[in-house]
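Chemist: The amino acid sequence is not available; the structure is as follows:
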């Protein structure tokens, strides 16, 4: 109850803060633009962000080399720089930070041999962040700025703006921390636990703040990270699972895939067996580059889709060829999480045995949160066991050959 009262108070403070309203349209841009303005007008503020850059003769760049914020200086021919990446609306992505490391190395003549790198994040950074990056949350950033403010001789108007900004950073950090505390009791990552009223209250607060999408992205990131962590060291028949998460059509999604690439193109997988979690759907998906799915609904011919699965997957990865009474009727050959099940619950429409979307995804789904589907607290277990089954299927040369021979 205390957390809920605190959330209500944070909501009131954020609603009253004009900087919060201004930040909603482009959250990362708002922060990096404000920091750029602050550094340009008050060079001493560089010490709030950098540990070694001098407080003079530096240039501030926005979106240069794709960095959110770049501060560069040349002191007697010796180049120094600070690279800042801001993550508020989205979560930090390890591959993106590594890519920035590569860019910094390629541009070392301009940036110096050892540029400082600062990641400013709304939440705790995921495991595996490159050691080259220093991490601070928004509240820590606010504290650093406040420590420097007294020596900057801000104008009265600018002092008021900075105070609004510090309050914004601290309240956003506390908002996420309080929601995380409530989520531990009322949610399993993206999924509400049964009969938890706290979920509804939190969702109502986030909707009023127009902050629901951001929190859902962070929940999806945590779920994806946990699936990846629990998969480490497990056997996948020689394959390396691919995990990702995202946000489309007002819903977060998390997925894992076992993929085969063709010999002549290592950029896009030729054949993938995918587990995808979206909304309350637990999807088993097939993606094959030899089977194009039209983007228009009227072109998605059920007869053609069924024929394709008949001749390729053979209903081993898909849940079942029959769909009666709210259940897929399995042939009994199911493996993975659904091993030996004869009936698998689904809310999928009976007249749509197979669902699909462009460019090449075909899928069926069962329900998350139901005993005959996937119980909420067994989602991670289900994903991992199904990916191990997917790896087993793709290690079978006869199974893969049926796709490659399809025409």
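Modeler: Received, thanks. None of the values given here were measured: they were computed from a predicted structure.
Chemist: List the contacts of residue 145.
Modeler: By C-beta atoms under 8 Å, 6 or more residues apart in numbering, the contact list for residue 145 reads 38, 45, 48, 162, 165, 166. Heads up, the C-betas are built off the backbone N, CA and C, glycines and all.
Chemist: Which of those has the largest number of neighbours?
Modeler: Using other C-beta atoms under 10 Å as the neighbour test, these are led by residue 38, with 25 neighbours.
Chemist: isn't it right up against residue 46?
Modeler: No: look at residue 38 against residue 46 with C-beta atoms under 8 Å: they stay out of range, at 9.5 Å.
Chemist: where does the protein have low pLDDT?
Modeler: Residue ranges of the chain with pLDDT under 70: 1-2, 76-77, 195-196, 297-299, 331-332, 407.
Chemist: just the strands in the stretch 1-150 of the chain please.
Modeler: 58-62, 69-75, 78-87, 116-121, 134-137 (DSSP state E, counting those that start in this stretch).
Chemist: Strands of the stretch 251-400 of the chain, residue ranges please.
Modeler: 251-260, 271-278, 281-288, 322-324, 327-329, 343-345, 355-357, 361-367.
Chemist: just so I know, which of the ones you listed lies nearest residue 231?
Modeler: Closest approach to residue 231 among the strands of the stretch 251-400 of the chain (C-beta to C-beta): strand 251-260, 7.7 Å.
Chemist: I'd like to know which elements that closest one is packed against.
Modeler: Contact here means 3 or more C-beta pairs under 8 Å, 6 or more residues apart in numbering; DSSP states H and E; on that basis strand 251-260 packs against helix 212-231, strand 242-248, strand 271-278, helix 379-394.
Chemist: Save those as a markdown table, and put in distance to residue 95 and mean neighbour count too.
Modeler: As requested, the helices and strands packed on strand 251-260 are arranged in a markdown table below (distance: least, C-beta to C-beta, whole Å; neighbours: other C-beta atoms under 10 Å):
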| stretch | distance to residue 95 | mean neighbour count |
| --- | --- | --- |
| helix 212-231 | 12 | 19 |
| strand 242-248 | 10 | 16 |
| strand 271-278 | 18 | 24 |
| helix 379-394 | 20 | 21 |
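Chemist: Relative to residue 364, which of these is closest?
Modeler: Here strand 271-278 is closest among these (C-beta to C-beta), at 11.2 Å.
Chemist: contacting residues around the closest one?
Modeler: With C-beta under 8 Å, 6+ apart as the criterion, strand 271-278 contacts 190, 223, 251-260, 282-289, 317, 361, 363, 368, 379, 382-383, 386-387, 390, 393-394, 400, 403.
Chemist: Could you measure from residue 61 over to residue 39?
Modeler: 11 Å (C-beta to C-beta, to the nearest Å).
Chemist: Could you pick out the buried ones from the contacts of strand 271-278?
Modeler: In the contacts of strand 271-278, burial by neighbour count holds for 190, 223, 251-260, 282-288, 317, 361, 363, 368, 379, 382-383, 386-387, 390, 393-394, 400, 403, counting by 16 or more other C-beta atoms under 10 Å.
Chemist: Contacts only, for residue 283.
Modeler: Residue 283 neighbours (C-beta under 8 Å, 6+ apart): 274, 275, 276, 277, 363, 364, 365.
Chemist: That one and residue 179, how far apart?
Modeler: Distance from residue 283 to residue 179, by C-beta to C-beta: 27 Å.
Chemist: try residue 74
Modeler: The gap separating residue 74 from residue 179 is 44 Å, by C-beta to C-beta.
Chemist: And these two? Which one has more around it.
Modeler: Set residue 74 next to residue 179 and count neighbours by other C-beta under 10 Å: residue 179 wins out with 21 against 14.
Chemist: right, and the secondary structure at the more buried one would be what?
Modeler: helix (DSSP: H, G, I helix; E, B strand; the rest coil).
Chemist: The residue lying closest to residue 20 once chain neighbours are set aside: how many residues sit nearby?
Modeler: Spatial nearest neighbour of residue 20, excluding adjacent residues (C-beta to C-beta, 6 or more residues apart in numbering): residue 14 at 4.5 Å. Counted with other C-beta under 10 Å, the neighbours of residue 14 add up to 22.
Chemist: Over to residue 293?
Modeler: Residue 293: 17 neighbours (other C-beta under 10 Å).
Chemist: again with residue 141
Modeler: 24.
Chemist: Also residue 307?
Modeler: 12.
Chemist: Check residue 339 too.
Modeler: 10.
Chemist: And it, how far from residue 389?
Modeler: From residue 339 to residue 389 the distance is 8 Å (C-beta to C-beta).
Chemist: now do residue 314
Modeler: 14 Å.
Chemist: same deal with residue 103?
Modeler: 39 Å.
Chemist: Residue 180 now?
Modeler: Counting by C-beta to C-beta, the separation of residue 180 from residue 389 is 33 Å.
Chemist: ditto for residue 295
Modeler: Counting by C-beta to C-beta - residue 295 and residue 389 are separated by 30 Å.
Chemist: same question, residue 400
Modeler: Taken as C-beta to C-beta, the span from residue 400 to residue 389 is 15 Å.
Chemist: Could you do residue 27 as well?
Modeler: 39 Å.
Chemist: ditto for residue 174
Modeler: Relative to residue 389, and taking C-beta to C-beta, residue 174 is found at 43 Å.
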